[in-house]
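Novice: Pasting the sequence and the predicted coordinates here, then a few questions.
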There are 2 protein chains.
Amino acid sequence: MNAALQQDTLTRSVEDYLKAIYRLSPQGRPAATSEIAQRLELSPASVSGMVKRLSEQGLLEHIPYKGVQLTPDGRRAALRMLRRHRLIEAYLVAFLGYTWDTVHEEAERLEHAVSDTLVERMASVLGHPTVDPHGDPIPTSEGDILELASTPLAEVPAGATVEIRQVEEDQPDRLRYIASIGLRPGVQVTVVDRQPFQGPITVSVEGRPHVIGHELAQVVRCAADEQA
Amino acid sequence: MNAALQQDTLTRSVEDYLKAIYRLSPQGRPAATSEIAQRLELSPASVSGMVKRLSEQGLLEHIPYKGVQLTPDGRRAALRMLRRHRLIEAYLVAFLGYTWDTVHEEAERLEHAVSDTLVERMASVLGHPTVDPHGDPIPTSEGDILELASTPLAEVPAGATVEIRQVEEDQPDRLRYIASIGLRPGVQVTVVDRQPFQGPITVSVEGRPHVIGHELAQVVRCAADEQA
DNA sequence: CCTCATATTTAGGCAAACCTAAACTATGGT
DNA sequence: ACCATAGTTTAGGTTTGCCTAAATATGAGG
């Protein structure tokens, strides 16, 4: 186990970089400097600099001009942050009156400040949930994560009925809109119509039809192969 | 209202300095550079540097070689942190299984990360407590604080029975010891014996006698004028 | 296969906060 | 009234993490 990984040695910034890189490389595909910069709202030059330091620390693998991948140590650290973030979200929603459109930014700050002890206490009073309020899986404290297969609502064929599984969106206003039309993890929806060329999708949610744009239909993900 | 005071403009360090200075100047008596350095575990030179920056920002008044006092803006910011710290402690003890010897360091990190919203939610589910688990008063969100008069146990005359009001100690091992002999806010104790020259004090707590050193008897504070 | 736009990295700077070492005050004891 | 010492401040240096501007690599289209 790398010395740099020992709990508190990672700074806030480093934790944010690792999390961002994890989110950008689903199955280990390298993440581009510019993607990281965009996600963290930093200049590409700053990212280059940090990436260099992090690969010297053994947290990631960097092939210049090509991209960045997490090492096992880096991945472990990223999943630790993801666990914290998602458990904090779940806790705030369950016990402190937060809704899914307001909880992200609070968790974003708290995840760097809580101790492992506190995280596990929250997990415990929550009954060790496996998903957060957006339906995203919560990594275990051992660093395992169960990514459930899911397809974007945008790709569900017309006529199919599916269950919403996760909503991968951080922006409060968009989340609030999605919630307002009843799209939440666990809800059953039927795709009534699907226009070609990134066109809008018409879904029936709890009996009522809604037309949503392709971009939103991209972040709403459904159980993979249902067809009730 | 000073621009620098506007919520998130203060860094973690600055927040810690202000809190330390508040704690060091009970009734506006200036705090010495070396005292601040000791409390924050920094070199006196570093404190000098920061003090200069903070007085330029209007958060404190510095008379070189004499000492430091908070301005109204500085005091407001310090009380805001104190409120956060103490409410977080109260919350963690009430809902997440913390005890008073473990809660301080967790709160020390969280107080910089929570939003005003979260602090007020915690206050609300706690029923707006006025004191924290150590008996320290919690400032209101308007920045008022009600310091109850109290005397150190070390100064209570032999024979008197008093109620413990607060325990002003941050070190876990000392707190744990104090708790182990039953000294907690709200408990009634009788001073059985008091030796002169900073000597030990013998107190009867819930029927059992305990001898404690002067230093500990200094941090345990009692309701001022009781004499049952 | 060369060119050029785009992506990336390097170079050089800055601010926050810390440090050590050196210079400077303030003051209590004679 | 002096002077040694304890307490403070200044000077100069380091690290982290960001920035802009300039240099360089990649790779797609002609």
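Specialist: The structure has been received and is ready for your questions.

Novice: Checking the closest residue to residue A:167 other than its chain neighbours next. Helix, strand or coil?
Specialist: In this structure, residue A:167 finds its nearest non-sequential neighbour in residue A:134, 5.0 Å apart by CB to CB, 6 or more residues apart in numbering or on different chains. For every residue, glycine as well, the C-beta is placed using N, CA and C. Following DSSP: H, G, I helix; E, B strand; the rest coil, the label given to residue A:134 is coil.

Novice: Give the full set of residues in contact with residue A:134.
Specialist: By CB atoms under 8 Å, 6 or more residues apart in numbering or on different chains, the contact set of residue A:134 is A:89, A:100, A:166-169, A:185.

Novice: Could you do residue A:204 as well?
Specialist: With contacts defined as CB under 8 Å, 6+ apart, residue A:204 is in contact with A:189-190, A:192, A:210.

Novice: what helix or strand does it sit in?
Specialist: strand A:201-205 (DSSP states H and E).

Novice: Report the backbone C-alpha coordinates of that strand in PDB.
Specialist: In PDB, the C-alpha atoms belonging to strand A:201-205 read as follows (Å, rounded to 0.1, in the frame of the first residue of the first chain):
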ATOM      1  CA  ILE A 201     -38.700  11.600 -26.300                       C
ATOM      2  CA  THR A 202     -42.300  11.300 -25.000                       C
ATOM      3  CA  VAL A 203     -42.600   9.300 -21.800                       C
ATOM      4  CA  SER A 204     -45.600   8.400 -19.800                       C
ATOM      5  CA  VAL A 205     -44.900   8.800 -16.000                       C
END
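
Novice: That one pairs with which strands, parallel or anti?
Specialist: The strands beside strand A:201-205 in its sheet (DSSP bridges) come out as strand A:188-194 (antiparallel), strand A:208-212 (antiparallel).

Novice: Quick one, grab the pLDDT at the nearest residue to residue A:112 once chain neighbours are set aside.
Specialist: Once flanking residues are discounted, residue A:112 sits nearest to residue A:12: 4.7 Å by CB to CB, 6+ apart. We have a pLDDT of 97 for residue A:12.

Novice: Residue A:12 - how many residues pack around it?
Specialist: Using other CB atoms under 10 Å in any protein chain shown, residue A:12 has 13 other residues around it.

Novice: Equivalent analysis for residue A:51, please.
Specialist: Every residue meeting other CB under 10 Å relative to residue A:51 is counted, giving 21.

Novice: Sticking with it, tell me its helix or strand.
Specialist: Per DSSP H and E, residue A:51 falls inside helix A:44-56.

Novice: So what's the gap between that helix and the chain middle?
Specialist: Here the centre of helix A:44-56 is set off from its chain's centre by 23 Å, with CA atoms, centre = their mean, to the nearest Å.

Novice: in that helix, what's buried?
Specialist: For helix A:44-56, a neighbour-count test (16 or more other CB atoms under 10 Å in any protein chain shown) marks A:47, A:50-51, A:54-55 as buried.

Novice: right, and the helix or strand after that helix?
Specialist: As the chain continues past helix A:44-56, the following element, by DSSP H and E, is strand A:60-63.

Novice: Partner strands of that following strand, with direction?
Specialist: By DSSP bridges, strand A:60-63 pairs with strand A:67-70 (antiparallel).

Novice: The strand it pairs with - what's its average pLDDT?
Specialist: Summarised as a single mean, pLDDT over strand A:67-70 is 96.

Novice: give me the residue from chain A nearest chain B.
Specialist: Here chain A gets closest to chain B at one residue, residue A:113, 3.9 Å apart by CB to the nearest CB.

Novice: Tell me the secondary structure at the closest residue to that residue other than its chain neighbours.
Specialist: Excluding the flanking residues, the one nearest residue A:113 by CB to CB, 6+ apart is residue B:113, at 3.9 Å. What three-state DSSP gives for residue B:113 is coil.

Novice: neighbours around residue B:113, how many?
Specialist: A count of neighbours around residue B:113, defined by other CB under 10 Å, yields 20.

Novice: Quick check: what element follows the helix or strand containing residue A:84 along the chain?
Specialist: Assigned by DSSP H and E, residue A:84 falls within helix A:72-95. Counting by DSSP H and E, the next helix or strand C-terminal to helix A:72-95 is helix A:103-110.

Novice: Packing partners of that following helix?
Specialist: helix A:72-95, helix A:172-180 (3 or more CB pairs under 8 Å, 6 or more residues apart in numbering or on different chains; DSSP states H and E).
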